[in-house]
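K.L.:
Predicted model and sequence follow; I will ask about them next.
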Amino acid sequence: MQEFIQEAKGADIRCFVVGGKVIAAIKRQGGSASLIKISAAERATAVNAAKAMGLNVCGVDLLRSNHGPVVMKVNSSPGLEGIETATQKDIADMIIDFIEKNAGKKPTNLVHEAKVKRFIMATQPKNQAITIAGETVLPGEQKTINVEIGKLFTHSELTAPIQVWCERQTGPILFISTAIHGDELNGVEIIRRLLKVKSLKRLKGTLMTVPIVNLHGFINHSRYLPDRRDLNRSFPGSANGSIAGRLAHTFMKEVVEKATHGIDLHTGAINRTNLPQIRADLDTEEVHAMANAFSAPVMLNADLRDGSLRAAAVKRGIPILLYEAGEALRFDEFSIRAGVNGIINVMRHLQMLPASRKKSPASKPVIARSSFWIRAPHSEIFRSLSADGARVEAKKTLIGVISDPFGQSEVEVYSPYSGIIIGQMKMPLVNQGEALYHIARFARSDVAEEQVDTYQEALMDESNLLYPTEDIPTLNE
């Protein structure tokens, strides 16, 4: 016989206990569930009930009575959908994390926990296999696929290597591409470090990483393909076109069109640097949300360029970000760290990865209203006096000097508008009309500068790294 608790009014409380802690609680009544704040007594009762049953993972159902919380039931295999929906917490991930952290400590109910883990995996929606270039990657598999995109006149094959992580649980299909211009190397290092991030073991959905799209340009340290065409002006390409057109067509068919989201990594051209920045269609809500999640120091609402990968993806309804940072043929540590962090942030936003439990430093990207170029007034020798990220005041801040070899004729360079330097020329020898500085304009350039400085300080703090420090090679300052 059971006691009737009239004062409970038909409602009960489900407390989810993991490792001696209540990680979530909901109120259930009339077939609906809602978030509830439980009392200290209710929390203690739930934890004690779990301990009494020898369970590290369980659901404890309580009733509120006039004489305190009453245990109604202890469930060793509780459902997840209702409590995850009501609390917006990834309970499954929290359970798996607890089991993995305590696997070596031989808990008394390890067998039960293994069953719970299998139960979680079984109740989550299953992912689908993905086929690329005729090779199928099944859920739970990781595979590197070399996609043939043509042959040279030497009969040598041109291929693009793609690493595919097809996880068991369903989720978005994200592609990350780099070296569309073969001399842009930062993205290659970003992908290498990304794949070292430990949280990828909890990945949901499918991740496709393409570290070298333009293999020929990569080998020859060149932006271009053998036909001297810019691959990022050749999309969506053609199966019967030139090498650039064929590569663009194959990449669209085998990667882009199979994805739900994309991130394309770039650097500045040779002898030009870029402050880490996101360029995207910020008028599109989903893209804007991804850009905010990436949290690069600066966001630009950039127009689409005909023939670009971004334009081709947008036409197919695929949200995509363009990340620009650093300089061609160089590794830049700040740009690389910002890229890795940004991608992980986007994957968390897309719920491909669980939210971070570590409180990350505040970094709110600033949106540029517009940008412009300052060009060389003469063909002489250029000396830059300002770094990327520096604030310039209109017609006040001396940012550079152009002079003849003897220094007898010197022209000072000022900006016509206030803003932040987001890119500049690194080659001292310039011709008249060449772009020297790329300046972004903001409603408050002083606030933008402060945000950029704060972002850089937090990013270069070793304690904020997402991967082991030994995975960082010795890089040029």
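P.N.:
Good, I have the coordinates.
K.L.:
so what pLDDT did residue 191 get?
P.N.:
In the predicted model, residue 191 carries a pLDDT score of 98.
K.L.:
The stretch 151-300 of the chain: helices as residue ranges?
P.N.:
Under the criterion DSSP state H, counting those that start in this stretch, the stretch 151-300 of the chain carries helices at the ranges 186-194, 215-219, 243-254, 285-294.
K.L.:
so which of the ones you listed gets nearest residue 428?
P.N.:
helix 186-194 (22.7 Å; CB to CB). From N, CA and C alone the C-beta is placed, and that goes for glycine too.
K.L.:
any idea how far residue 285 lies from residue 302?
P.N.:
Between residue 285 and residue 302 the distance is 17 Å, computed by CB to CB, to the nearest Å.
K.L.:
The two: who's more crowded?
P.N.:
residue 302 (17 against 9; other CB atoms under 10 Å).
K.L.:
With adjacent residues omitted, what lies nearest to that one?
P.N.:
Spatial nearest neighbour of residue 302, chain neighbours left out: residue 279 (3.8 Å); criterion: CB to CB, 6 or more residues apart in numbering.
K.L.:
now swap in residue 238 and tell me
P.N.:
residue 245 (4.5 Å).
K.L.:
picking that back up, could you dump the helices of the stretch 151-300 of the chain to JSON lines with distance to residue 334?
P.N.:
Shown next, in JSON lines, are these (distance: least, CB to CB, whole Å):
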{"stretch": "helix 186-194", "distance to residue 334": "10"}
{"stretch": "helix 215-219", "distance to residue 334": "23"}
{"stretch": "helix 243-254", "distance to residue 334": "29"}
{"stretch": "helix 285-294", "distance to residue 334": "15"}
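K.L.:
what's the closest of those helices to residue 87?
P.N.:
Minimum separation from residue 87 across the helices of the stretch 151-300 of the chain (CB to CB) falls at helix 285-294, 21.3 Å.
K.L.:
and stretch 371-388, what's its mean pLDDT?
P.N.:
Rounded mean pLDDT across stretch 371-388 is 96.
K.L.:
now the strands for the stretch 51-200 of the chain?
P.N.:
Under the criterion DSSP state E, counting those that start in this stretch, strands of the stretch 51-200 of the chain are mapped to 57-65, 68-75, 130-132, 135-137, 141-151, 157-166, 173-178.
K.L.:
swap that for the stretch 251-400 of the chain, please
P.N.:
Counting by DSSP E, counting those that start in this stretch, the strands of the stretch 251-400 of the chain are 261-266, 272-280, 298-301, 320-327, 366-368, 370-375, 381-384, 391-392, 400-403.
K.L.:
which residues of this protein score low on pLDDT?
P.N.:
In the predicted model of the chain, residues 1-3, 103-124, 357-363, 470-477 satisfy pLDDT under 70.
K.L.:
okay, which residue is most central for it?
P.N.:
Centroid-nearest residue in the chain: residue 343, 1.5 Å away (criterion: CA atoms, centre = their mean).
K.L.:
before we move on, back to that, residue 47 is nearest to which of the helices of the stretch 151-300 of the chain?
P.N.:
Among these, helix 285-294 sits nearest to residue 47 (CB to CB), with 35.1 Å.
K.L.:
Next, the contact list for residue 256, please.
P.N.:
Counting by CB atoms under 8 Å, 6 or more residues apart in numbering, residue 256 touches 175, 262, 309, 312, 313, 316, 318.
K.L.:
Just the buried residues of the residues you listed.
P.N.:
Among those, the ones that count as buried by 16 or more other CB atoms under 10 Å are 175, 262, 309, 312, 313, 318.
K.L.:
Of those, which is the nearest to residue 429?
P.N.:
residue 309 (32.0 Å).
K.L.:
So that closest one sits against residue 237, correct?
P.N.:
No. If you go by CB atoms under 8 Å, residue 309 and residue 237 don't touch, sitting 10.0 Å apart.
K.L.:
Overlap in contacts, these two.
P.N.:
Joint contacts of residue 309 and residue 237 (CB under 8 Å, 6+ apart) are 248, 251.
K.L.:
picking that back up, dump the strands of the stretch 51-200 of the chain into a markdown table; add distance to residue 403 as well.
P.N.:
Formatted as a markdown table, the strands of the stretch 51-200 of the chain follow (distance: least, CB to CB, whole Å):
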| stretch | distance to residue 403 |
| --- | --- |
| strand 57-65 | 72 |
| strand 68-75 | 79 |
| strand 130-132 | 54 |
| strand 135-137 | 58 |
| strand 141-151 | 47 |
| strand 157-166 | 45 |
| strand 173-178 | 38 |
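K.L.:
Highest mean neighbour count out of these?
P.N.:
For the strands of the stretch 51-200 of the chain, the largest average neighbour count (mean count of other CB atoms under 10 Å) is found in strand 173-178, namely a mean of 25.
K.L.:
what's the angle from it to strand 261-266?
P.N.:
Counting by axes from the mean of the first three to the mean of the last three CA atoms, to 10 degrees, strand 173-178 lies at 10 degrees to strand 261-266.
K.L.:
got the angle for strand 173-178 vs strand 320-327?
P.N.:
Going by the same axes, to 10 degrees, strand 173-178 makes 30 degrees with strand 320-327.
K.L.:
now for strand 173-178, which elements pack on it?
P.N.:
Under the contact criterion of 3 or more CB pairs under 8 Å, 6 or more residues apart in numbering; DSSP states H and E, strand 173-178 touches helix 186-194, strand 206-210, strand 261-266, helix 333-349.
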